[in-house]
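Asker: Predicted coordinates and the sequence they were generated for:
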Amino acid sequence: MSILSHRLLNISAKFVHILPAQPCLLCGAPSQSGLCCAACDAELPRLTGKHCPICALPAPTGDVCGECLKQPPAFDHTVAAFSYNFPLNKLIQSLKFRERLILVNYLADAVLKRVTATPDCLVALPLHPVRLRERGFNQSMLLARRISRRLGIPLLVHACERVRNTPPQSSLPWKERDKNMRQAFTCKPDTDVRGKHVAIVDDVMTTGASIGELAHALKLAGAGEVSAWVVARTLPHDH
């Protein structure tokens with residue numbers, strides 16, 4: 001590293017210390033390293049270890065798991081930054097239900113760190129219009145916009161829509177969630193995804209029913225490959 005580079009790094013480090021510290025969103029302690037202090041950031045449950053490349057659930061060898069071999073989902077690959085555990089779950093809940101939109105970039109960038117293959121385009125998991133009016137925003141769309149800008153690839157904002165206003169997945173037993181999402185999504189006739197790799201962006205994958213149903217609609221529209229990009233994956237012991 002050149003002398004100039006060393007000097008620039010030193011200047012940047014000094015500048016960070018000059019900036020006023022902000023309260024950590026998790027513990028409230030002063031943080032100069034971002035939305036979460038260094039200690040809380042280190043405690044976030046990052047998804048590590050070997051996992052199934054399709055559904056991102058733990059797999060001892062890192063190969064496709066038995067469930068995906070027996071009943072392959074409509075999506076082909078999953079990228080997940082975290083497991084849906086404390087304290088990461090509190091951050092996602094703050095974004096969705098307390099409108100802490102400042103978290104969008106932080107969580108989207110965590111997903112980007114796990115991306116190894118760039119798709120042709122992105123689709124955010126849609127909310128039904130009734131749910132969108134109630135909440136006021138779609139957190140998946142906000143995450144997708146950030147990722148789209150960072151990667152420089154198109155976000156198909158109006159390509160897919162939710163046509164059934166189903167009960168929230170979190171309110172249902174696991175065995176009923178697949179049935180709840182059947183034919184919940186559709187792709188508009190002019191959607192140009194034929195032969196393309198499409199990544200679906202969402203905040204949490206639990207059973208994969210929602211993303212799987214949207215992936216099915218995209219495949220019917222001609223998509224050649226569909227990936228799931230989520231902030232967090234619920235692991236079997238979590239439910």
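Answerer: Here it is on my side, so go on.

Asker: got any ranges where this protein has weak pLDDT?
Answerer: Counting by pLDDT under 70, the chain has low-confidence residues at 1-20, 33, 166-182, 237-239.

Asker: can you map out the strands along it?
Answerer: Counting by DSSP state E, residue ranges of the strands within the chain are 22-23, 30-31, 77-83, 121-124, 160-162, 185-187, 197-205, 225-233.

Asker: closest to C55 out of these?
Answerer: Minimum separation from C55 across the strands of the chain (C-beta to C-beta) falls at strand 77-83, 5.8 Å. All C-beta atoms are positioned from the backbone trio N, CA, C, and that covers glycine.

Asker: in that closest one, what counts as buried?
Answerer: Of all the residues in strand 77-83, those buried under the rule 16 or more other C-beta atoms under 10 Å are 77-83.

Asker: That one - contacts with which helices or strands?
Answerer: Contacting strand 77-83 under the criterion 3 or more C-beta pairs under 8 Å, 6 or more residues apart in numbering; DSSP states H and E are the following elements: helix 103-112, strand 197-205, strand 225-233.

Asker: C36: which of the ones you listed is closest?
Answerer: Between C36 and these, the tightest spacing by C-beta to C-beta is seen for helix 103-112, at 7.6 Å.

Asker: Which neighbouring elements make contact with the closest one?
Answerer: In this structure, helix 103-112 makes packing contacts with strand 77-83, helix 88-97, helix 139-151, strand 225-233, judged by 3+ C-beta pairs under 8 Å, 6+ apart.

Asker: So which elements touch the longest one?
Answerer: In this case it means helix 139-151. Using 3+ C-beta pairs under 8 Å, 6+ apart as the contact test, the elements touching helix 139-151 are helix 103-112, strand 121-124, strand 197-205.

Asker: Could you work out the end-to-end span of stretch 96-115 for me?
Answerer: Criterion C-alpha to C-alpha, to the nearest Å; first-to-last residue distance in stretch 96-115 is 23 Å.

Asker: who touches it?
Answerer: Stretch 96-115 is contacted by residues 25, 34-36, 47, 79-82, 91-92, 94-95, 135-137, 139, 142-143, 146-147, 150-151, 201, 203, 229-231 when judged by C-beta atoms under 8 Å, 6 or more residues apart in numbering.

Asker: ok, back up a step: so which of the helices and strands packed on helix 103-112 is the most packed in?
Answerer: When neighbours are counted by mean count of other C-beta atoms under 10 Å, the highest per-stretch mean among the helices and strands packed on helix 103-112 falls to strand 225-233, a mean of 25.

Asker: strands paired with that strand, and their directions?
Answerer: With DSSP bridges as the test, strand 225-233 is paired with strand 77-83 (parallel), strand 197-205 (parallel).

Asker: Would you mind giving the ones you listed as a markdown table with distance to D190 added?
Answerer: Compiled in a markdown table, those are given as follows (distance: least, C-beta to C-beta, whole Å):
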| stretch | distance to D190 |
| --- | --- |
| strand 77-83 | 26 |
| strand 197-205 | 15 |
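
Asker: Identify whichever of the ones you listed lies nearest to D41.
Answerer: Checked against C-beta to C-beta, the stretch from the strands paired with strand 225-233 lying closest is strand 77-83, at 11.4 Å.

Asker: Now find how far off-centre the closest one is within its chain.
Answerer: With C-alpha atoms, centre = their mean, to the nearest Å as the basis, the distance from the averaged C-alpha position of strand 77-83 to the chain average is 7 Å.
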